[in-house]
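Enquirer: Any chance you can model this:
(chains A and B)
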Amino acid sequence: MESTLDIFVKAIFSENMIFAYFLGMCSYLAVSKTVKTGVGLGFAVIFVLGMTVPINYLIENYILKEGALVWLNPEYGVNGSNTIDLSFLSFIMFIAVIASMVQLVEMLVEKFAPALYGALGIFLPLIAVNCAILGGALFMQDRQYSTIVDATAFGLGSGVGWWIAIVAIAAIREKIRYSNVPAPLRGLGITFIITGLMGIGFMSFMGIDYGGDKSKDDDKKTEVAISEDINIIKE
Amino acid sequence: MSENNEKTKAPAEPLFSKKNKRLLTDPLSDNNPITIQVLGICSALAITVQVEQAFWMSISVIFVMVFGNLIISLLRNLIPSRVRIIVQLVVVASLVIIVNESLQAFVPDVSEKLSVFVGLIITNCIIMGRFEAFAMGNTAWPSMLDGFGNAIGYAWVLVAVSVVREIFGSGKLFGFDVFPEGFYELGYMDNNMMILPPMALIVVGVIIWIQRSKNPSLVEEH
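Expert: You can find the predicted model right below:
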């Protein structure tokens, strides 16, 4: 079994929401023009993921899963006479929880950090349709974490991973403004390619399978990959 | 009343007027949802390792887009604008549940491979984007066309990326071998890098590059 810490670290690095699954790419590409807004949106995502994944975990395990309603009546259990499986409702339930949580965060930010609210503008409501949030809930359902602590660790870890990714790309995009990128690649194209290269860097946290020989010195490879990325970006 | 309406509408605009055709063709290139509007990348690229998955994903998205746009445009005058995002999410979620259950019933192995990404159609930004930008302000038929056009624009990028990745990554197309055995005996190797998720981004980056160098008016100022 994986420990809680394992789950947390894995969610940040080797199963990074952006680099391994491309979740939340829309806001990632749109809000990453400056570091400041990137940081703000990143924190909002950490917060929302950290709240919604445990709530959805409870809903999944006490309402939706096959036999989950056993606490109401033993006959609803997996081996009961009247098993209930509501898992087809999970999409609607998850998205409803997420939409209401996002509304809450939006109201809080508007009240306590108006400057940030102005900077994030349209993208705060769009956290509701940020794939990373729903993706967090669906991966949680898919992987069946054993306790709520593990699920929370996964949620927070994914959020932190997303934050790291958006801050990194925002910093790179601020610098890349001064370099001579081929005209058709400017803006979107180069961002895609950089994200791809960063993704390859992050993948080496679990070791890249080159097909032939399987060497396991992951740390070295990561360093090489990251420094390569940096070199390419500098050029 | 209804007869009157039909009379005034019918001559005003044929089903495939020029304007409606543009709704279909614009998203294919100059206003492509993925390469120009940068929407819907989230749930798309992770499933482009094989053409088969990309194909089923495209079909699902086309279905959800067309009927979602239709339903939203029919309901547009009934939805209070404060809660419209939640209403839109519920409509998409219901359609996606239909898609998910049908995939599980008819193509169970594809459904297993797509895993959570079918659910993620709900948060596909293209769908919400088109609801907000088009279906909330237009009648049913143009909305359906707009949905179809955008979904096709999304689908061709998806399929193009997956064709590149499958041919070079595993030497297959739709699961059939492309390269003859002799190639491998001569020392040709599949490029395993192509199977890794980040390569999808790089392939899309290259598609954007090609598209913008053909049409310089799309080039951005950083």
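Enquirer: Just the buried positions in stretch B:126-140, please.
Expert: Buried positions in stretch B:126-140, judged by neighbour count with 16 or more other CB atoms under 10 Å in any protein chain shown: B:126-132, B:134-136, B:138. Every residue, glycine included, has its C-beta placed from N, CA and C.
Enquirer: Pull the number of nearby residues for residue 29.
Expert: As the question left the chain open, I've gone with chain A. Look at A:Leu29: counted by other CB atoms under 10 Å in any protein chain shown, it has 21 neighbours.
Enquirer: ah, I was thinking of chain B
Expert: Other residues close to B:Ser29 by other CB under 10 Å number 15.
Enquirer: hey, where'd the strands end up in chain B?
Expert: B:172-173, B:176-177 (DSSP state E).
Enquirer: Just send those strands back as a markdown table, with mean neighbour count too.
Expert: A markdown table is the format used below for the strands of chain B (neighbours: other CB atoms under 10 Å in any protein chain shown):
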| stretch | mean neighbour count |
| --- | --- |
| strand B:172-173 | 16 |
| strand B:176-177 | 10 |
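Enquirer: Nearest to chain A among these would be which one?
Expert: strand B:172-173 (15.5 Å; CB to the nearest CB).
Enquirer: In its sheet, which strands sit next to that closest one, and in what direction?
Expert: Here strand B:172-173 has these sheet partners by DSSP bridges: strand B:176-177 (antiparallel).
Enquirer: what does the strand it pairs with rub up against?
Expert: B:Gly171 (CB atoms under 8 Å, 6 or more residues apart in numbering or on different chains).
Enquirer: picking that back up, just curious, which of the buried residues of stretch B:126-140 is nearest to A:Lys175?
Expert: B:Gly129 (29.6 Å; CB to CB).
Enquirer: What separation do you get for the most centrally placed residue in chain B and chain A?
Expert: Taking CA atoms, centre = their mean, the centroid of chain B lies closest to B:Tyr154, which sits 3.2 Å from it. Counting by CB to the nearest CB, to the nearest Å, the gap from B:Tyr154 to chain A is 13 Å.
Enquirer: what's the model's confidence in the longest helix belonging to chain B, averaged?
Expert: Assignment by DSSP state H gives helix B:140-170 as the longest helix of chain B. The average pLDDT within helix B:140-170 is 86.
Enquirer: same deal with stretch B:97-109?
Expert: 89.
Enquirer: which residues touch it?
Expert: A:88-89, A:91-92, B:56, B:60, B:63-64, B:110-111, B:114, B:118-119, B:121.
Enquirer: Quick check: of those, which lies closest to B:Ser17?
Expert: Looking across those and measuring by CB to CB, the closest to B:Ser17 is B:Phe63, at 24.9 Å.
Enquirer: Tell me, how many residues neighbour the closest one?
Expert: 18.
Enquirer: mind listing what's buried in the longest helix of chain B?
Expert: B:141-155, B:157-170.
Enquirer: Check stretch A:77-88 too.
Expert: A:77, A:84.
Enquirer: next structured bit after the lengthiest helix in chain A?
Expert: Taking DSSP H as the assignment, the helix of chain A that covers the most residues is helix A:148-176. Per DSSP states H and E, the first helix or strand lying C-terminal to helix A:148-176 is helix A:188-203.
Enquirer: Can you name every helix or strand that that following helix contacts?
Expert: If contacts are counted by 3 or more CB pairs under 8 Å, 6 or more residues apart in numbering or on different chains; DSSP states H and E, helix A:188-203 sits against helix A:17-21, helix A:25-30, helix A:148-176, helix A:218-234, helix B:198-214.
Enquirer: so the longest helix of chain B versus helix B:198-214, what angle?
Expert: With axes from the mean of the first three to the mean of the last three CA atoms, to 10 degrees defining the directions, helix B:140-170 sits at 120 degrees from helix B:198-214.
Enquirer: by contact count, what packs against helix B:140-170?
Expert: Partner elements for helix B:140-170 (3+ CB pairs under 8 Å, 6+ apart): helix B:18-25, helix B:51-75, helix B:125-133, strand B:172-173, helix B:198-214.
Enquirer: Okay then, goodbye and thanks.
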